[in-house]
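# Need the 3D shape of this:
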Amino acid sequence: MPPFARLSGAFAPVAVLALAALSFDASALSKRDQAAVDALNQRMQAAEAKYRAALVQIRNADPEGQKLSDSALEDMEDVIAACNKQKGCQLTTMLTSYKRLLKANADAESRADAGDEEDETLLDTDGSLAADVPQAARAAALLNADGQRFVKMVQYNPAVQAGIRRWLTDMRGSLIQSHENYQYMRQMMWPQYERAGLPEALLFGIMAKESNGRVHSTSRAGAAGPMQFMYATGKRFGLGDDGTGFDTRYDARASAQASAEYLNERMAALNNSIEMSLAAYNGGEGRAQRVFNASGGRNFWDESVYNQFPPETRDYVPMVIAAAWLFLHPKEYGLSFPKVDPKPASLRLSQPSSIYQLTICLGNGGTRDGYMRVLRNLNPRYQADSYLPTGTSLNATTKIVGLYNRWCVQGARADLARTLMLSDPTTAIVRTGPVTMVTSTERGEDGTVAIAPAPQPKAKEKEKPKSYRVQRGETLTSIAQKFQCDTGKLAKRNGLKAPRYSIRPGQTLKVDGCK
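Below is the predicted model:
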């Protein structure tokens, strides 16, 4: 019995429609093409059967279940890629039904395993469980109708090909890092674009080019956050100081929402051209609108339009499209993105710590670079070297929480991380005092000499300093440690705003509230 036939309830009609669509217009195909389409349908059904068997194994805590699941989903990706090249194979219909069916079953399995309490953590504002769909399933879904729509909205030309070449050569590491960073923030960012009707590939392409997925990225021009908003533009779309001193341009969810709103506004004014909207994003909306109006609404690639933008914008537009293209078609270019476990969870500190200290005690945990970037991206309000009190809740993942409980609460690695963070490099400097003159000697019967040291003047009690001049290379946290002061209180005393606590050499700080 085919796997679709075993589905009951609301899934049965979907399966029937999917199978019917797959055989659409079969009479117009040659026997060879029809046989190839039938073979692809059978491969897809076999892969789905394998996937369902894997779900059963996972539910029964069989360690082989995850491997079988990954294998089945990779089979489905291969079928989808082959369908895209096969005449008569209805790619859009196959993927629409496949994605809806697969995601519904994956979500149902996740809810059954996680329980009600965890579901509340995973649910997004729109009630979806986007973060809980298996990684390979998400990768396969990138080739769905939404992806095809993006391909139709942009021009694939030599400039984009040159961008792809750059991403795959000297910028490959940046692209892979961008993808890894994005996976951890996806459940916060992608729903904002999805609700705005914009392709996910476009979100990734902009983020990869703007910041590589580093939420604290700030340009020399003043653009900030993962989507690099200038202050004035960000303020127009609700970004800026939230009243606590935190700039929401650094918040992944808020910046993604503002970015989606900005792009839709620009597309409405620029004839729904992604290229022109990207040119506005990078080169300024005023310039893009003037060029668009003067050219009579011509395309970005028209020479009369293209040459009116600065070199930075002419480079930016194809690079964003190239990154989006690779996001949709990684396997075609031999590109393998690292698999991560981004399942969100809350980490409650059982003792004072900082993100730096956590990074040390967590270790790599199967990753290449460890978890500092993940923790910083998920907790943009905190500086990496700021000590956070016991009971602070951090946004993390289930993997990070498990590593914290194992390595950071107690034990040798936890102690080592704490020691490294409390070490003061200034104590490595050896200071010698003046030579003490001997004032008298007395020889004993055994010939030894008793030396009486010169009397030392009584040390005056050191006055507590009221101010301190910042030295080159110092941070607010290092100064707080030097004067045994809480970083947050010292920042508040001097009117410094989170999360950057920016100070400069020569600046005078008030330290009279410290010990």
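# Can you tell me which residue sits nearest the middle of this protein?
Residue closest to the mean C-alpha point of the chain, counted by Cα atoms, centre = their mean, is residue 181 at 3.0 Å.
# which residues touch the closest residue to that residue other than its chain neighbours?
Nearest non-adjacent residue to residue 181, counting by Cβ to Cβ, 6 or more residues apart in numbering: residue 213, 2.7 Å away. (Glycine included, C-beta is placed from N, CA and C.) Contacts for residue 213 (Cβ atoms under 8 Å, 6 or more residues apart in numbering) come out as 177-182, 185, 207, 226, 377.
# Quick one: the residues you listed as a markdown table, columns for pLDDT, secondary structure and distance to residue 81 too.
As requested, the contacts of residue 213 are exported to a markdown table (pLDDT from 0 to 100; DSSP: H, G, I helix; E, B strand; the rest coil; distance: Cβ to Cβ, whole Å):
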| residue | pLDDT | secondary structure | distance to residue 81 |
| --- | --- | --- | --- |
| 177 | 97 | helix | 25 |
| 178 | 98 | helix | 23 |
| 179 | 98 | helix | 19 |
| 180 | 97 | helix | 23 |
| 181 | 97 | helix | 26 |
| 182 | 98 | helix | 22 |
| 185 | 98 | helix | 27 |
| 207 | 98 | helix | 25 |
| 226 | 98 | coil | 30 |
| 377 | 98 | helix | 31 |
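# Can you tell me which of those is closest to residue 469?
Nearest to residue 469 out of the contacts of residue 213 is residue 377 (Cβ to Cβ; 33.9 Å).
# Count the residues that sit near the closest residue to that closest one other than its chain neighbours.
Nearest residue to residue 377, sequence neighbours excluded (Cβ to Cβ, 6+ apart): residue 215, at 4.8 Å. Burial of residue 215 is recorded as 24 neighbouring residues (other Cβ atoms under 10 Å).
# same thing with residue 422?
10.
# any idea how far it is from residue 87?
68 Å (Cβ to Cβ, to the nearest Å).
# Tell me where the stretch 351-500 of the chain has helices.
If DSSP state H, counting those that start in this stretch is used as the criterion, the helices of the stretch 351-500 of the chain fall at 355-362, 372-378, 398-407, 412-422, 476-482, 487-493.
# swap in the stretch 51-200 of the chain?
Under the criterion DSSP H, counting those that start in this stretch, the stretch 51-200 of the chain carries helices at the ranges 64-85, 91-114, 116-122, 135-141, 145-153, 158-168, 172-195, 200-210.
# Among those helices, show the one with the smallest mean pLDDT.
Of all the helices of the stretch 51-200 of the chain, the minimum mean pLDDT falls on helix 116-122 (a mean of 33).
# and stretch 243-260, how far apart are its ends?
End-to-end distance of stretch 243-260: 24 Å, with Cα to Cα, to the nearest Å as the criterion.
# Pull out the buried positions in that stretch.
245-260 (16 or more other Cβ atoms under 10 Å).
# sorry, back to before: before we move on, what SS does the residue nearest to residue 181 have?
Here residue 213 is recorded as coil under DSSP: H, G, I helix; E, B strand; the rest coil.
# if you skip the residues just before and after it, what's nearest to residue 43?
Leaving aside its chain neighbours, residue 43 sits nearest to residue 79 (5.0 Å; criterion: Cβ to Cβ, 6+ apart).
# these two touch, right, the one you found and residue 42?
No. Here residue 79 lies out of contact with residue 42, judged by Cβ atoms under 8 Å, at a distance of 9.6 Å.
# of the two, who's got more company?
residue 79 (25 against 12).
# gap between the residue nearest to the centre of the chain and residue 225?
Taking Cβ to Cβ, one finds residue 181 at 13 Å from residue 225.
# try residue 237
Counting by Cβ to Cβ - residue 237 and residue 225 are separated by 12 Å.
# Look at those two and report which has more neighbours.
Set residue 237 next to residue 225 and count neighbours by other Cβ under 10 Å: residue 225 wins out with 28 against 18.
# Just the pLDDT at the more buried one, thanks.
Taking residue 225 on its own, its pLDDT is 97.
# so what's residue 284 up against?
Contacts of residue 284 by Cβ under 8 Å, 6+ apart: none found.
# Now do it, the pLDDT please.
95.
# Let me see the contact set for residue 65.
Contacts of residue 65 (Cβ under 8 Å, 6+ apart): 54-59.
# Then residue 175?
With Cβ under 8 Å, 6+ apart, residue 175 has these contacts: 167-168, 208, 323, 326, 335.
# Would you mind checking those residues for buried ones?
Taking 16+ other Cβ under 10 Å as the criterion, what is buried in the contacts of residue 175 is 167, 208, 323, 326, 335.
# List the buried residues in the helix or strand hosting the fourth one.
Per DSSP states H and E, residue 326 falls inside helix 311-328. Neighbour counts over helix 311-328 (16+ other Cβ under 10 Å) mark 313-328 as buried.
# Just name whatever secondary elements that helix is in contact with.
helix 145-153, helix 158-168, helix 172-195, helix 200-210, helix 274-283 (3 or more Cβ pairs under 8 Å, 6 or more residues apart in numbering; DSSP states H and E).
# go with 6 Å
Helix 311-328 is packed against helix 158-168, helix 200-210, helix 274-283, with contacts defined by 3 or more Cβ pairs under 6 Å, 6 or more residues apart in numbering; DSSP states H and E.
# right, and these - which one's nearest residue 356?
Proximity to residue 356 (Cβ to Cβ) singles out helix 200-210 among these, at 24.7 Å.
# mind listing what's buried in whichever helix or strand comes after that closest one?
Elements were assigned by DSSP H and E; along the chain past helix 200-210, the next helix or strand is helix 231-236. Neighbour-count burial for helix 231-236, with 16+ other Cβ under 10 Å as criterion, is recorded at 233-234.
# what element comes up after helix 231-236 heading to the C-terminus?
Taking DSSP H and E, what comes next after helix 231-236 is helix 252-269.
# what mean pLDDT does that next one have?
Helix 252-269 carries an average pLDDT of 97.
# go on, stretch 42-54?
82.
# With stretch 393-403 instead?
On average, stretch 393-403 scores 97.
# what's the answer for stretch 300-320, then?
Mean pLDDT, stretch 300-320: 97.
# what does that stretch rub up against?
Identification of contacts with stretch 300-320 by Cβ atoms under 6 Å, 6 or more residues apart in numbering yields 159-160, 163, 205-206, 209, 275-276, 278-279, 282-283, 291, 295, 298.
# Can you flag the buried ones in these?
Using 16+ other Cβ under 10 Å, the buried members of the contacts of stretch 300-320 are 159-160, 163, 205-206, 209, 275-276, 278-279, 282-283, 291, 298.
# residues near residue 240, how many?
Residues lying near residue 240 (other Cβ under 10 Å) number 17.
# who's in contact with it?
Counting by Cβ under 6 Å, 6+ apart, residue 240 makes contact with residue 234.
# returning to that earlier point: kindly list the main-chain dihedrals of the residue nearest to residue 377?
Per-residue torsions, residue 215: phi -70, psi -20 (degrees, to the nearest 10).
# wait, it sits on residue 228?
No. Judged on Cβ atoms under 6 Å, residue 215 makes no contact with residue 228 at a distance of 10.6 Å.
# pLDDT wise, what is residue 440 at?
As predicted, residue 440 sits at a pLDDT of 52.
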